[in-house]
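Provided below are the primary sequence and the corresponding predicted coordinates.
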Amino acid sequence: MILKVICNPDELDVDYHQKVSAFENILSAQRDGNHVVYCDRKLIRHFRGSSHLSSSSLQTISELHFLSREYKTVSNEISVVVHVLFDRSHYVNNLDANGQNIIEISYDYFNSTLRVQPSTLIPENDKDFDFFKIIADGYLNRKSNYNFNLKLSKHCGYGSHTYSVYSEYKSSQKLALCIVDNDVKYPGASVGSTARQFGQNGFCIDGTVEAKMLSVREIESLLPEEVIEEALVSKGYPANSIDVLEKMKRLEQISSGEFRKYFDHKDGITLKQALQPSWSAFWKDFFVAEPTFGIKPCAQNNDCIECGSCIKLDGFGERILEKSLEVMDDSHKRKLFERLSGIILEEWEAIGEKVIAWGCAPKAGRARAS
Ligand SMILES: [Zn+2]
């Protein structure tokens, strides 16, 4: 994250040593590549050459002097930023200023070195984490003024535990971003059990954590079609799996981009499922073009009584995310972004922006190399 130090050097007298020790910890976050630290020039001038700082802190201060113009700009742009307040103690607060979310934290929070560890990303599982990283890398590539690395610890929630992992970070006031699927199975359906635990107003910044819900059923909904195609062609899928993709593309098109928001990309959907009350208003129409639709008793009766041969819109199987990640790992991240459109582009941008805000870190040794 960006830790913006808000400190008037003229007001450092009270608890001076404690403040200096917090400041040194904050500087170590920059040095260790965990967080981007922005100090204004006045503060840098105050501490440059100060006998109260260690030599490594002094080194970091002179790097920050070099980077301060660049960091000043991005610290105003990025969507979530931490302001470290040196005129308060025992204080954490959230503010919204001109569309930017500010997490105000008093300096004493940083008296422990544990508090300058990288932020944590809490996804539902490992593959989700890898996907979010690919998206964030692509986002970073497009933002020419974001000279950052991405650095995040990972703590998977594995579905049902996601909320408790998130709550633990929240109550221990550690910096963490949590992202969950919405698991909505048709328009108007309620969110799934994982998202539901967060409550209706739970997707926001709360103290030192933020929870974000994807606006699609599952993360596979965000895989670009070209990537799925490449995975199907090059990762050992049967030849007819391309037909599954072609059908999905057609249904996506005729639904103006609604189909994939709710489609189960792994397992697909049967007519039996589609005919369930409240599902059928959305799902039944997608089956009409199926060759056997007109002669299936289930379709006519609007009910399937274990017909044993239900029509199915196939999915791509359990491993489609994993295989697609392999494809994306090998491709140019920036190009990946350039081909996106519609809701996938919107979601990639929203995810990229959040993950970068929480995970941006300095590039090692930039100032010294320049
Ligand atoms: Zn049936």
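Noted; the coordinates are in hand. Numbers count the residues shown, from 1 in each chain.

show me what contacts residue 208?
Applying Cβ atoms under 8 Å, 6 or more residues apart in numbering, we find residue 208 in contact with 92, 103, 105, 169-170, 173-176. (Each C-beta comes from the backbone N, C-alpha and C, glycine too.)

Quick check: which of these are also close to the ion?
With Cβ under 5 Å from the ion as the criterion, the contacts of residue 208 include none near the ion.

Closest one of those residues to residue 311?
Comparing these against residue 311 with Cβ to Cβ places residue 176 closest, at 43.9 Å.

Near that closest one, how many other residues are there?
Number of residues near residue 176 (other Cβ atoms under 10 Å) recorded here: 23.

wait, isn't residue 31 in contact with residue 60?
Yes. Assessed by Cβ atoms under 8 Å, residue 31 is found in contact with residue 60 at 4.9 Å.

For the two, indicate the residue with more neighbours.
residue 60 (25 against 18).

Enumerate every residue touching the residue in the stretch 151-300 of the chain positioned nearest to the ion.
Going by Cβ to the ion, the ion is nearest to residue 298 of the stretch 151-300 of the chain, at 3.4 Å. Applying Cβ under 8 Å, 6+ apart to residue 298 gives the contacts 271-272, 275, 304-305, 307, 310-311.

try residue 349
If you count contacts by Cβ under 8 Å, 6+ apart, then residue 349 has residue 139 around it.

how about the residues of this structure near the ion?
Checking the chain against the ion by Cβ under 5 Å from the ion, the hits are 272, 298, 304, 307, 310.

Tell me the pLDDT of residue 106.
At residue 106, the model reports a pLDDT of 98.

follow-up on the earlier one: doesn't the residue of the stretch 151-300 of the chain closest to the ion fall inside a helix?
Yes. Assigned with DSSP: H, G, I helix; E, B strand; the rest coil, residue 298 falls within a helix.

Tell me the confidence at it?
88.

Same question for residue 308.
So residue 308 comes in at 83 (pLDDT).

hmm, back to that, just the ones of the contacts of residue 208 in helices?
169-170 (DSSP state H).

List only those of the contacts of residue 208 flagged as buried.
Among the contacts of residue 208, the ones that count as buried by 16 or more other Cβ atoms under 10 Å are 92, 103, 105, 169-170, 174-176.

Tell me the one of the residues you listed nearest residue 124?
Looking across those and measuring by Cβ to Cβ, the closest to residue 124 is residue 176, at 14.1 Å.

if I've got this straight, residue 179 is in a strand?
Yes. The assignment for residue 179 is a strand, going by three-state DSSP.

In which helix or strand does the closest residue to it other than its chain neighbours reside?
In this structure, residue 179 finds its nearest non-sequential neighbour in residue 212, 4.9 Å apart by Cβ to Cβ, 6 or more residues apart in numbering. Assigned by DSSP states H and E, residue 212 belongs to strand 209-213.

Run through the neighbouring helices and strands of the helix or strand residue 121 falls within.
Under the criterion of DSSP H and E, residue 121 resides in strand 120-122. Where contact means 3 or more Cβ pairs under 8 Å, 6 or more residues apart in numbering; DSSP states H and E, strand 120-122 is packed against strand 153-154, helix 162-171, strand 176-180, helix 342-359.

what about that strand, average pLDDT?
The model assigns strand 120-122 a mean pLDDT of 98.

after that strand, next one along is what?
helix 126-142.

what element comes up after that next one heading to the C-terminus?
Criterion used, DSSP H and E; the element after helix 126-142 is strand 148-150.

For that following strand, which residues meet the burial criterion?
Neighbour-count burial for strand 148-150 [16+ other Cβ under 10 Å]: 148, 150.

name the helices or strands packed onto that strand?
Applying 3+ Cβ pairs under 8 Å, 6+ apart, one finds that strand 148-150 contacts helix 126-142, helix 342-359, strand 360-362.

Checking my notes, residue 5 in a helix, right?
No. Going by three-state DSSP, the assignment for residue 5 is strand, not a helix.

Neighbours of the closest residue to it other than its chain neighbours, how many?
Closest residue to residue 5 apart from its sequence neighbours, by Cβ to Cβ, 6+ apart: residue 39 at 4.6 Å. Residues contacting residue 39 under the criterion other Cβ under 10 Å number 28.

and residue 39, what does it touch?
If you count contacts by Cβ under 8 Å, 6+ apart, then residue 39 has 5, 7, 61, 64, 68 around it.

hey, where'd the strands end up in the chain?
Applying DSSP state E to the chain gives strands spanning 2-6, 36-39, 80-85, 92-97, 100-106, 120-122, 148-150, 153-154, 176-180, 205-206, 209-213, 269-270, 312-313, 360-362.

who's in contact with residue 115?
25, 109, 174.

which among those residues gets closest to residue 289?
residue 174 (50.9 Å).

That'll do, ta.
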